[in-house]
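> okay, predicted coordinates and the sequence, questions at the end:
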Amino acid sequence: MGDKGQPLAGRVIGVTAERRAEEQCELLRTRGAEVVLGPTIRTVGVEAAAELRDATEAVLAGQPDFVVAITGVGIRRWLAAADDWDRRDALVDRLKGARVMARGAKAASALRQAGVQEEWRAPNETVPEITAHLLEIGVDGATVAVQRHGGDMNRMIAALRDAGAAVIDVELYRWLLPDDVAPALDIVTGAADHRLDAVTFTSAPGVTNLFTIADQAGRAGDLLAAFNDGVVLCCVGPVCAEAATDEGVTDPLIPPRSRMVPMVDALAVRLQGR
């Protein structure tokens, strides 16, 4: 099905993204796909929260030994919030004085734009890789500032604390269920009933939230069965895919590079063979 110019012609693809959703939809449509958009997450910024100010002041009060940078948008939001408090320069100095571990290219780029060079970057852009790297170095007695993403990073933080680290938890935004779950529920039913050929995800919480919405509707089992029997669950990268396998999906599709265009291209290749 499909041709060289429009390899996804005749295919129906569910898109669960919130950020850059229209850009992704357009990439799919130009390849011939019909798109069903149903965001599964709602990003809530917490820049003004007292907890962020307290975490920032804790970083400034003493030089952290390590800083973990998870997302580019999180680093930029943190620096912008510090700027509002006239504390940006001081925060940048603290980041420069730490051993900085970046999850991926976007986090590293945001740091470099501020004049901060990362010491190490996770090869596959996963949180467990950073956790293992820090534990291998040894964090007993160290202070580790963790700029977390909006999802669950409690396992990483617990592992660092169990290894003797003092962890400063820097939360910039939270990923919640959307206010209106009806569009996402359309993706649940479309996938579960095999009316969708594939569903794309650009974040791990997006995967988890779709299954949460499915469970609330009594369709979680049907959704999992569909993803394991013909409906392609396509993830932007290994972090996202890990969330899918945690839900029981046996073969999530992962592109060779963790970016949107390679994801869409990989999906086209997978579906052209069917």
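Perfect, thanks for sending it.
> burial count for the closest residue to residue 232 other than its chain neighbours?
On the basis of Cβ to Cβ, 6 or more residues apart in numbering, the spatially nearest residue to residue 232 that is not a chain neighbour turns out to be residue 198, at 3.8 Å. For glycine as for every other residue, the C-beta is placed from the backbone atoms N, C-alpha and C. The local packing of residue 198 (other Cβ atoms under 10 Å) involves 24 other residues.
> now residue 198: how far from residue 252?
Separation of residue 198 from residue 252 (Cβ to Cβ, to the nearest Å): 11 Å.
> next, show the common contact partners of these two.
233, 234 (Cβ atoms under 8 Å, 6 or more residues apart in numbering).
> contacting residues for the spatially most central residue of the chain?
Residue closest to the average C-alpha location in the chain (Cα atoms, centre = their mean): residue 203, at 3.6 Å. By Cβ under 8 Å, 6+ apart, the residues touching residue 203 are 17, 41, 151, 175, 236, 240.
> what about residue 57, neighbour count?
The number of residues packed near residue 57 is 14, by other Cβ under 10 Å.
> secondary structure element for it?
Element membership for residue 57 (DSSP states H and E) is helix 50-61.
> hmm, back to that, what pLDDT does the residue nearest to residue 232 get?
For residue 198, the pLDDT comes out at 98.
> is it bridged to anything, and to what?
Beta-bridge partners recorded for residue 198 (DSSP bridges): residue 13, residue 232.
> can you tell me how far residue 196 sits from residue 6?
On the measure of Cβ to Cβ, residue 196 and residue 6 end up 18 Å apart.
> the two - which one has more neighbours?
Ranked by neighbour count (other Cβ under 10 Å), residue 196 and residue 6 place residue 196 first, with 22 against 16.
> mind listing what that one touches?
12, 13, 14, 36, 187, 190, 231.
> am I right that it is in a strand?
No: the assignment for residue 196 (DSSP: H, G, I helix; E, B strand; the rest coil) gives coil, which keeps it out of a strand.
> quick check: chain neighbours aside, which residue is closest to it?
Leaving aside its chain neighbours, residue 196 sits nearest to residue 190 (4.3 Å; criterion: Cβ to Cβ, 6+ apart).
> quick check: the one you found is in a strand.
No: assignment of residue 190 by three-state DSSP gives helix, placing it outside any strand.
> thinking it is in contact with residue 12, fair?
Yes: taking contacts as Cβ atoms under 8 Å, residue 190 lies within contact range of residue 12: 7.3 Å.
> the more surrounded of these two?
Set side by side, residue 190 and residue 12 show more neighbours around residue 190, with 21 against 16, by other Cβ under 10 Å.
> which helices and strands does whatever helix or strand residue 26 lives in pack with?
Counting by DSSP H and E, the element that carries residue 26 is helix 21-30. Applying 3 or more Cβ pairs under 8 Å, 6 or more residues apart in numbering; DSSP states H and E, we find helix 21-30 packed against strand 12-15, strand 34-37, helix 260-272.
> could you redo the last one with a cut-off of 6 Å?
Applying 3 or more Cβ pairs under 6 Å, 6 or more residues apart in numbering; DSSP states H and E, one finds that helix 21-30 contacts strand 12-15, strand 34-37.
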